[in-house]
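Enquirer: Structure for the following, please:
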Amino acid sequence: MLSPINVSMESLNLMTLAPMLIPVVGALLILVIDIIKGGLHKSLYVVLSLLFLAMDFVAVADSSGVFMANGTTLGLFDVMLIDGLAILAQFIIVGASMLFIPLAMTHKRFHEFSYPEFFALFLFMIAGFQFMVATDNLILVFVGLETSSLALYTLIAMHNRDKSFEAAVKYFTMGALAAGFFSFGAMVFYALTGSVEINKIALVLAANGYADMGFVLIGVAFFLAAFGFKLSLIPFHTWAPDVYEGSSAAMAGYMSIVPKIAAFVVAMRFFEFLVHSGIVWLDVVLYIVVVITMTASNMWALVQTDVKRMLAYSSISHAGFVMAAILIGTTQANAALFLYWILFSFTNLGSFSMLWVSRQKHLPDYQSSDHSYNKFAGMIKTAPIASVIMALFMLSLAGLPPFALFWGKLYMISSAVTGGYTILALIMALNSAIAGYYYLKLIVYMFMKEPVQGNDGHVYVANATLALKTIIGIAAIGTIFAFVAINPILEFVTAFVYNSGY
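Expert: All right, here's what the predicted structure looks like:
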């Protein structure tokens, strides 16, 4: 007779699950409230969402204290992994989400925010992202990936504009393909090592001296394709501009930040041991992907006539820029990745939110698209404050000092030089210079051209509610005064990365 297996609650360390369970409980509560009494005002759901996100943030902060005191913590049969990467990523995920949710109060014209399901799906999506970053178990990563992705597909479709359904279907199709690649990659490495935990896979492959290099190559190719889709790296980027265009402006900004930091953390965990194992062909492939992603997306951004699509290609370029940290593989580079993404979160969410300020339900005759450059012509005369703030975000994205992203770019390029990638550092600097052209192009339209009038003689001016002004104001302050907090942020990030052994 088999003896019973005794599992103590203490050994499960269920507190490692707390940050992920809080948004799940919040989502379920919103759905229950809607079932009991439907038709309540969306402000209730906004407040509830913010409350649970704040609780989530506090839980992550508590986990960070435990990590700094005790080091890496495992839980739930050792599938949960709370280390510095997990904590930093969750801070960015929850923090950016707390900035996004108040945008639901901006205006009644965005009907998707009137549905309780929107807020429930949003919280489920955040829980999925948190599961992705807080484990090195490939099965749990896949569960988090699919949970977040399925919720995100629906959120995009709920925008219900002409291109929203097309964008959601395109994202779903590409996402399903990426999920298939991820599954096949995980299957290959399980067959090679008998484990689905990244740490154990690394140990077994190292012990075998990477004897089955052909199969390792196949598995890495599948994983690189899967991460390429999620990070919109070239040549897996084709969905990104169309999906961003079909989403609301703020959702597009959110998509450019939060899903990508989750994918970056998983990619960092997986590729780091391969990069350090001395596999030359992996370095070459990653080098090519990084350079082409940065450069080609900048070239495409140069010829865009729609500001939203320009920002979409710009986000692809930034993803390529940050992917360089995984190629370099040093502690400084990994710290640079998080520093860059924290600063990028303020700037890019602010940029896309500014597109929301002057959105029209019906396009005037002189506009070929919802966010064409002509729409911003002469904005300094029709909406001077909005034009100055938008120019501020463009200058930051271009990497001009002393604005936020300059410091992120500087530290990333510095880590490339220190890591021995001098030519890559020059390519990164050159791409930053190229990107400056299309960011300055929008500033030229706003400050040096005359406002364009429709046939009715009306000039469409920017408009914003208090909630939108508040979020844009926070983003602007973060962009302007980031240089004051660069050293504390860098020390905070480096401490977590270094103590995680990355």
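Enquirer: Quick check: chain neighbours aside, which residue is closest to Phe119?
Expert: Spatial nearest neighbour of Phe119, chain neighbours left out: Tyr45 (4.3 Å); criterion: C-beta to C-beta, 6 or more residues apart in numbering. C-beta coordinates here come from the backbone N, C-alpha and C atoms, glycine included.
Enquirer: same thing with Gly253?
Expert: Of all residues not flanking Gly253 in the chain, Phe352 sits nearest, at 2.8 Å (C-beta to C-beta, 6+ apart).
Enquirer: Identify the residues contacting the one you found.
Expert: Contacts were defined as C-beta atoms under 8 Å, 6 or more residues apart in numbering; by that measure Phe352 touches 249-250, 252-254, 256, 308, 311.
Enquirer: For this structure, give me the ranges with low pLDDT.
Expert: Counting by pLDDT under 70, the chain contains low-confidence ranges at 1-14, 38, 75, 77-78, 104-114, 159-162, 357-370, 452-467, 500-502.
Enquirer: give me phi/psi at the residue nearest to the spatial centre of it?
Expert: Central residue of the chain (C-alpha atoms, centre = their mean): Ile257, 2.4 Å from the mean position. With angles defined as degrees, to the nearest 10, Ile257 sits at phi -110, psi -60.
Enquirer: That one reaches Phe344, doesn't it?
Expert: Yes. Contact criterion C-beta atoms under 8 Å: Ile257 and Phe344 qualify, at 6.9 Å.
Enquirer: Show me how far stretch 55-69 is from its chain's centre.
Expert: For stretch 55-69, the separation from the chain centroid amounts to 21 Å (computed by C-alpha atoms, centre = their mean, to the nearest Å).
Enquirer: What are the contacting residues of it?
Expert: For stretch 55-69, using C-beta under 8 Å, 6+ apart, the contacting residues are 15-16, 18-19, 22-23, 73, 82-84, 86-87, 90-91, 94-95, 98, 126, 130, 495-496, 499.
Enquirer: Which among the residues you listed count as buried?
Expert: 16, 18-19, 22-23, 73, 82-84, 86-87, 90-91, 94-95, 98, 126, 130, 495-496 (16 or more other C-beta atoms under 10 Å).
Enquirer: Which of those fall within strands?
Expert: 73, 82 (DSSP state E).
Enquirer: Among the buried ones among the contacts of stretch 55-69, name the ones in helices.
Expert: Residues of the buried ones among the contacts of stretch 55-69 located in helices (DSSP state H): 18-19, 22-23, 84, 86-87, 90-91, 94-95, 98, 126, 130, 495-496.
Enquirer: Show me where the stretch 251-400 of the chain has its strands.
Expert: Secondary structure of the stretch 251-400 of the chain (DSSP state E, counting those that start in this stretch): no strands located.
Enquirer: Would you check how far apart the residue nearest to Gly253 and Thr331 are?
Expert: The gap separating Phe352 from Thr331 is 32 Å, by C-beta to C-beta, to the nearest Å.
Enquirer: Do a quick rundown of the helices in the stretch 151-300 of the chain.
Expert: 164-193, 198-207, 213-230, 239-246, 249-255, 258-276, 280-302 (DSSP state H, counting those that start in this stretch).
Enquirer: quick one, which of those is packed in tightest?
Expert: Looking across the helices of the stretch 151-300 of the chain with neighbours counted as mean count of other C-beta atoms under 10 Å, the highest average goes to helix 249-255: a mean of 26.
Enquirer: Need the contact partners of it.
Expert: Helix 249-255 has contacts (C-beta under 8 Å, 6+ apart) with 96-97, 100, 103, 152, 155-156, 159, 243-245, 247, 308, 311-312, 348-353, 355-356, 359, 371.
Enquirer: Buried members of these into ChimeraX, please.
Expert: Here is the ChimeraX selection string for the buried members of the contacts of helix 249-255, based on 16+ other C-beta under 10 Å:
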select :96,97,100,103,152,155,156,159,243,244,245,247,308,311,312,348,349,350,351,352,353,355,356,359,371
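Enquirer: In contact with the nearest residue in space to Val60 that is not next to it in sequence: list those residues for me.
Expert: Once flanking residues are discounted, Val60 sits nearest to Gln90: 4.5 Å by C-beta to C-beta, 6+ apart. Listed by C-beta under 8 Å, 6+ apart, the contact partners of Gln90 are 19, 60, 63, 130, 133-134.
Enquirer: what comes up buried for whatever helix or strand Ile35 lives in?
Expert: Taking DSSP states H and E as the definition, Ile35 sits inside helix 18-36. Burial within helix 18-36, assessed by neighbour count using 16+ other C-beta under 10 Å, is assigned to 18-20, 22-24, 26-27, 30-31, 33-34.
Enquirer: Any idea how far that helix is from the middle of the chain?
Expert: Distance, centroid of helix 18-36 to centroid of chain: 23 Å (C-alpha atoms, centre = their mean).
Enquirer: Stretch 178-190 now?
Expert: The answer for stretch 178-190 is 22 Å, by C-alpha atoms, centre = their mean.
Enquirer: what do you get for stretch 331-341?
Expert: 14 Å.
Enquirer: List the contacts of that stretch.
Expert: Identification of contacts with stretch 331-341 by C-beta under 8 Å, 6+ apart yields 85, 88-89, 92, 257, 260-261, 264, 268, 321-322, 324-326, 405, 407-409, 411-412, 414-416, 418-419, 486, 489-490, 493-494, 496-498, 502.
Enquirer: picking that back up, possible to save the buried residues of helix 18-36 as JSON lines with distance to Trp300?
Expert: Shown next, in JSON lines, are the buried residues of helix 18-36 (distance: C-beta to C-beta, whole Å):
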{"residue": "Ala18", "distance to Trp300": "43"}
{"residue": "Pro19", "distance to Trp300": "38"}
{"residue": "Met20", "distance to Trp300": "37"}
{"residue": "Ile22", "distance to Trp300": "40"}
{"residue": "Pro23", "distance to Trp300": "35"}
{"residue": "Val24", "distance to Trp300": "39"}
{"residue": "Gly26", "distance to Trp300": "39"}
{"residue": "Ala27", "distance to Trp300": "37"}
{"residue": "Ile30", "distance to Trp300": "39"}
{"residue": "Leu31", "distance to Trp300": "41"}
{"residue": "Ile33", "distance to Trp300": "45"}
{"residue": "Asp34", "distance to Trp300": "42"}
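Enquirer: who touches the residue nearest to Tyr115 when sequence neighbours are not counted in this structure?
Expert: Among residues not flanking Tyr115 along the chain, Met158 sits closest, at 6.8 Å (C-beta to C-beta, 6+ apart). Neighbouring residues of Met158 by C-beta under 8 Å, 6+ apart: 112, 115, 117-118, 164.
Enquirer: Could you identify the most distant pair in those?
Expert: Glu117 and Ser164 (15.3 Å; C-beta to C-beta).
Enquirer: which parts of the helix or strand that the helix holding Ile35 is followed by are buried?
Expert: Later in the chain than helix 18-36, the nearest helix or strand by DSSP H and E is helix 42-70. Residues of helix 42-70 classed as buried: 42, 45-46, 48-50, 52-53, 55-57, 59-60, 63-64, 67 (neighbour count, 16+ other C-beta under 10 Å).
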